[in-house]
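Q: Just a sequence and a predicted model for now, questions to come.
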Amino acid sequence: MIKYFLSLSLLLLGTSLIAQEAVQDQGLELSKTITPADLEAHLTFLADDLLEGRETGLRGQHLAALYLATQFQKMGLEPGNKGSYYLDYQLMKSDVKAIEMRMGKKDYQYKKDFFTFGGHGVPESLKGEVVFAGYGISKEGYDNLAEMDVTDKIVVLMAGSPKSQAPKRLRGQIYGWIARARALKEKGAKAALMILPQQGFDRLNAYAKPSSIVNISDGDEKGFPLFYLSPEMGDALLFTAKTTVAAQKTALEQDAAVKPLIFKKLKFAYKASVNREKLTASNVLGFIEGTDKKEEIVIITAHMDHIGKNDKEVFNGADDDGSGTAALLEIAEAFSKAIAAGQRPRRSILIMPVSGEEKGLWGSAYYTDHPVFPLENTVVDLNIDMIGRSDDKYAQTADSSNYVYLIGADRISQELHDLSEATNSKYTQLTLDYTYNAEDDPNNYYERSDHYHFAEKGIPIIFYFSGTHKDYHRATDTIEKINFEKMAKVTQLVFLTAWEIANREERLK
Ligand SMILES: [Zn+2]
């Protein structure tokens with residue numbers, strides 16, 4: 001009886017191994033439906049000028065989303081969000097039309113005497129006492145704010161830092177201008193006016209866009225009004241307190257604490273007109289229900305959005321991340337063919353092109369903050385961002401069509417790393433490069449694409465990436481530079497890895 005039992009279980013083990021092999025080999029057959037020609041067809045649509053650079057919340061991103069959703073529908077993927085293919089979140093677009101600033105008897109001109117970045121933080125009106133805060137630096141051993149209260153004040157400050165302070169101690173991330181302004185906001189200031197040297201003023205003013213789109217999906221956090229003043233305007237302002245920018249700089253070399261200035265003749269008046277418009281952005285969710293392990297979810301992501309257009313150029317983002325987005329469609333198609341062949345995966349698959357990546361990983365953050373499927377049942381996120389080109393390291397080598405950087409595979413689950421390696425050596429034989437997976441990699445790519453929000457929640461991830469190139473975030477990231485042979489191979493690897501994770505007996509540890 002015992003012997004019989006043993007041999008039966010051995011027999012069962014044997015058949016299940018054979019069955020598993022068969023499933024794996026079917027994965028290989030399915031992966032062959034991922035072709036350079038199909039990828040090119042999808043990308044031809046996604047990277048066209050008509051999509052206007054797919055800026056999050058704008059027409060081009062919605063066209064991309066519509067294309068993705070209708071392709072999913074055609075392939076037979078189910079809508080992943082309670083009957084809908086879309087998971088929407090809310091944005092606010094603000095365009096500054098005009099700002100009037102008057103000090104004393106003089107009217108100052110927007111974009112000539114002063115400018116601002118981003119319309120979101122620009123208020124229609126601004127009233128309050130004006131105070132001077134030196135460089136606005138407040139740290140142990142050097143505190144400009146020691147003798148002042150900035151609550152509800154309009155704070156004037158100077159860019160730069162005192163010569164007497166070692167630049168290394170003051171620079172670093174907390175002492176950038178934006179950070180100083182942010183610290184003022186936290187201390188209750190109403191707005192900041194930052195006096196710039198002429199060169200810096202001209203350089204920044206040239207590309208300061210008076211328009212911004214911000215994410216208001218989790219509350220409409222108003223930005224902080226931060227205006228940059230020309231040195232001339234700065235001196236005119238300080239002149240009403242009988243001093244100058246140069247005199248203040250000298251004074252602050254000796255003594256960090258700013259002596260309060262009395263702006264006797266300063267009458268500050270301000271008025272702005274800002275067009276504000278609520279927008280919607282979307283992630284697209286194509287769902288494939290699994291069989292016996294359908295409660296567990298395998299997620300595959302790429303970002304459909306890019307950085308939009310300006311007056312002269314469209315930023316097509318063919319590689320970033322049209323390539324990953326097209327790859328998702330081919331992976332979706334391979335899974336849909338599996339279902340047609342009666343080989344539904346055991347775990348469920350969520351294929352999710354997200355938006356908002358370029359603005360700060362908004363779409364993936366929105367999903368992980370408002371998950372449609374429980375995160376504790378989410379087994380993995382395989383994220384694809386830029387797989388269509390070769391970087392300088394590989395461009396001139398025999399591997400230029402045969403490599404990919406993998407990032408993050410072993411950080412949460414060693415088993416995922418091993419599985420990914422085994423899948424590649426069995427089927428795709430790409431050169432897997434882990435250069436950017438080093439914990440001390442200065443580029444910090446691990447935190448720079450959508451997988452990061454999943455990793456933060458403890459979900460194992462792999463980030464597939466082929467490195468940057470001279471067209472990165474330029475209008476020249478266009479489709480004719482894409483290597484579709486290489487893109488197909490990497491996409492096959494992602495599919496085969498997902499196929500294996502979805503069909504294996506054990507959940508990834
Ligand atoms: Zn990207």
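A: It's in.
Q: For stretch 426-444, output the C-alpha coordinates as PDB.
A: Extracted in PDB, the C-alpha atoms of stretch 426-444 (Å, rounded to 0.1, in the frame of the first residue of the first chain):
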ATOM      1  CA  LYS A 426      16.400  28.800 -21.700                       C
ATOM      2  CA  TYR A 427      14.600  30.900 -24.300                       C
ATOM      3  CA  THR A 428      15.800  34.400 -25.200                       C
ATOM      4  CA  GLN A 429      19.600  34.300 -24.400                       C
ATOM      5  CA  LEU A 430      19.900  38.100 -24.100                       C
ATOM      6  CA  THR A 431      22.800  39.600 -22.400                       C
ATOM      7  CA  LEU A 432      21.300  40.700 -19.000                       C
ATOM      8  CA  ASP A 433      23.200  43.700 -17.700                       C
ATOM      9  CA  TYR A 434      22.900  44.500 -14.000                       C
ATOM     10  CA  THR A 435      25.100  47.700 -14.000                       C
ATOM     11  CA  TYR A 436      22.200  49.900 -13.000                       C
ATOM     12  CA  ASN A 437      21.000  47.500 -10.300                       C
ATOM     13  CA  ALA A 438      23.900  48.400  -8.100                       C
ATOM     14  CA  GLU A 439      22.600  49.900  -4.800                       C
ATOM     15  CA  ASP A 440      25.000  52.900  -5.200                       C
ATOM     16  CA  ASP A 441      24.200  53.500  -8.800                       C
ATOM     17  CA  PRO A 442      24.300  57.300  -9.100                       C
ATOM     18  CA  ASN A 443      21.500  57.300 -11.700                       C
ATOM     19  CA  ASN A 444      19.200  55.800  -9.200                       C
END
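Q: where along the stretch 1-150 of the chain do the helices fall?
A: Secondary structure of the stretch 1-150 of the chain (DSSP state H, counting those that start in this stretch): helices at 2-31, 36-46, 59-75.
Q: which stretch of helix or strand covers Tyr270?
A: Assigned by DSSP states H and E, Tyr270 belongs to strand 268-284.
Q: tell me which residues in that strand are buried?
A: Phe268, Tyr270, Ala272, Val274, Leu279, Ala281, Ser282, Asn283, Val284 (16 or more other C-beta atoms under 10 Å). Placement of C-beta: from N, CA and C, glycine included.
Q: Of those, just say which sits nearest to the ion.
A: Nearest to the ion out of those is Asn283 (C-beta to the ion; 14.9 Å).
Q: Quick check: bridge partners of the closest one?
A: Note on Asn283: beta-bridge partners Leu87, judged by DSSP bridges.
Q: re the thing from before, comparing the helices of the stretch 1-150 of the chain, which comes out most buried?
A: helix 59-75 (a mean of 20; mean count of other C-beta atoms under 10 Å).
Q: what's the angle from it to strand 268-284?
A: Here helix 59-75 runs at an angle of 10 degrees relative to strand 268-284 (axes from the mean of the first three to the mean of the last three C-alpha atoms, to 10 degrees).
Q: now helix 59-75 against helix 36-46, angle please.
A: Angle of helix 59-75 versus helix 36-46, following the same axes, to 10 degrees, is 140 degrees.
Q: can you list contacts of helix 59-75?
A: The contact list for helix 59-75, computed with C-beta atoms under 8 Å, 6 or more residues apart in numbering, reads 42, 45-46, 50-55, 79, 85-86, 281-282, 284, 286, 304-305, 308, 325, 328-329, 332-333, 336, 351, 353, 355.
Q: Now it: average pLDDT?
A: The average pLDDT within helix 59-75 is 98.
Q: Give me the distance between it and the centre of its chain.
A: Its chain's C-alpha centre and that of helix 59-75 lie 20 Å apart, by C-alpha atoms, centre = their mean, to the nearest Å.
Q: can I have it written out in PDB, keeping just the CAs?
A: What follows is helix 59-75, C-alpha atoms only, in PDB (Å, rounded to 0.1, in the frame of the first residue of the first chain):
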ATOM      1  CA  ARG A  59      -5.700  65.100 -25.900                       C
ATOM      2  CA  GLY A  60      -2.700  63.000 -27.000                       C
ATOM      3  CA  GLN A  61      -2.500  60.900 -23.800                       C
ATOM      4  CA  HIS A  62      -6.300  60.300 -24.100                       C
ATOM      5  CA  LEU A  63      -5.900  59.200 -27.700                       C
ATOM      6  CA  ALA A  64      -3.200  56.800 -26.600                       C
ATOM      7  CA  ALA A  65      -5.400  55.500 -23.900                       C
ATOM      8  CA  LEU A  66      -8.300  55.000 -26.300                       C
ATOM      9  CA  TYR A  67      -6.100  53.100 -28.700                       C
ATOM     10  CA  LEU A  68      -4.800  50.800 -25.900                       C
ATOM     11  CA  ALA A  69      -8.300  50.200 -24.500                       C
ATOM     12  CA  THR A  70      -9.800  49.400 -27.900                       C
ATOM     13  CA  GLN A  71      -6.800  47.100 -28.800                       C
ATOM     14  CA  PHE A  72      -7.400  45.300 -25.500                       C
ATOM     15  CA  GLN A  73     -11.100  45.000 -26.300                       C
ATOM     16  CA  LYS A  74     -10.300  43.600 -29.700                       C
ATOM     17  CA  MET A  75      -7.900  41.000 -28.200                       C
END
